[in-house]
Each structure stands twice: as structure tokens, then as C-alpha cells.
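**Student:** With the sequence up front, the predicted model follows.
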Amino acid sequence: GLPGTTARLDAWFVALAACCNARGCLPSTIAFVLQYLEAPEPKSLTDSAKSAATSVADKFRNAARSAKQSMEQAPQRAQHAAEDAAFGFAKQNPKMAMSVAGSLAKSAASRW
């Protein structure tokens with residue numbers, strides 16, 4: 001395009017908006033300009049409310065899905081944490097760990 005066109009159009013639209021907001025243009029002139037520029041129809045209050053409700057419902061569904069996944073994964077996370085703690089204890093106390101392992105092995109053998 002021509003140099004400076006965007007800046008000039010921007011300035012023109014700012015002036016038009018200021019004139020419209022100050023009620024310096026006839027409503028018919030504003031309607032003509034908006035129609036000529038093919039401005040989209042404004043959202044109705046009902047559409048805005050539906051959009052907001054859908055957004056809230058989507059956020060609620062996502063939060064519920066996340067909570068469900070967290071609850072489903074809780075047993076695995078607890079088991080993993082217990083295993084980590086047991087291995088950590090065994091590394092720090094190898095003699096006691098061997099003693100406990102031997103006791104458990106004897107107990108398991110006596111059940112068979």
C-alpha cells in the first residue's frame with residue numbers, strides 16, 4: 001500500500017469514534033458508515049451470557065476432570081513415595097534392612 005495509509009486510516013477511525021461517542025454525528029450517518037464498512041452485528045446480551053456460561057461450564061468440567069485424574073493417580077503416587085522411602089531407609093540402614101528382609105522371608109516360608 002501507500003506509505004502512511006495505515007496511520008491516516010487509524011487517525012480517521014479515532015476521529016470517527018470520538019465524534020460518534022460525543023454524539024456529534026446523526027444516528028443515520030453512523031448507521032450508513034457502519035453498513036458501508038460491513039461492521040459485524042454487535043453481540044446480544046443473550047449471546048454474551050451464553051458465551052460466559054459456556055466458558056464457566058468448560059472451566060468447571062476441566063477442573064473436575066483434573067480432580068478425577070488426580071484422585072485416580074493418588075494410589076500410584078502413594079505407593080511410589082512409600083517405595084522411595086523404604087529404599088532410602090534401606091540404603092541408610094543396610095544391616096537393619098537385611099534383618100527385616102530375613103524376618104519377612106522366614107514369615108512367608110512358614111505360611112506355605
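**Tutor:** Received, thanks.
**Student:** What separation do you get for Ala101 and Ala85?
**Tutor:** Using Cβ to Cβ, to the nearest Å, one gets 16 Å for the distance from Ala101 to Ala85. No exception for glycine: its C-beta is placed from N, CA and C like everyone else's.
**Student:** Phi and psi next, for Ser44.
**Tutor:** Backbone torsions for Ser44, taken as degrees, to the nearest 10, come to phi -80, psi 170.
**Student:** what distance separates the worst-scoring helix or strand of the chain on mean pLDDT from the middle of the whole chain?
**Tutor:** Lowest by mean pLDDT, DSSP states H and E among the helices and strands of the chain is helix 94-111, with a mean of 81. Centre-to-centre, helix 94-111 and its host chain are 49 Å apart (Cα atoms, centre = their mean, to the nearest Å).
**Student:** just checking, what packs against it?
**Tutor:** Here helix 94-111 touches no other helix or strand, going by 3 or more Cβ pairs under 8 Å, 6 or more residues apart in numbering; DSSP states H and E.
**Student:** One more pass at 10 Å, please.
**Tutor:** Contacts defined by 3 or more Cβ pairs under 10 Å, 6 or more residues apart in numbering; DSSP states H and E place helix 94-111 against helix 45-92.
**Student:** what angle do the helix it packs on and helix 94-111 make?
**Tutor:** Relative orientation of helix 45-92 versus helix 94-111 (axes from the mean of the first three to the mean of the last three Cα atoms, to 10 degrees): 100 degrees.
**Student:** In three-state terms, label Arg23 for me.
**Tutor:** Under the three-state scheme (DSSP: H, G, I helix; E, B strand; the rest coil), Arg23 adopts coil.
**Student:** Quick one: residues in contact with the least confident helix or strand of the chain.
**Tutor:** Contacting residues not belonging to helix 94-111 are listed as 86-87, 89-91, 93 [Cβ atoms under 10 Å, 6 or more residues apart in numbering].
**Student:** Return the distance of stretch 36-44 from the chain's centre.
**Tutor:** How far stretch 36-44 lies from its chain's middle: 30 Å, per Cα atoms, centre = their mean.
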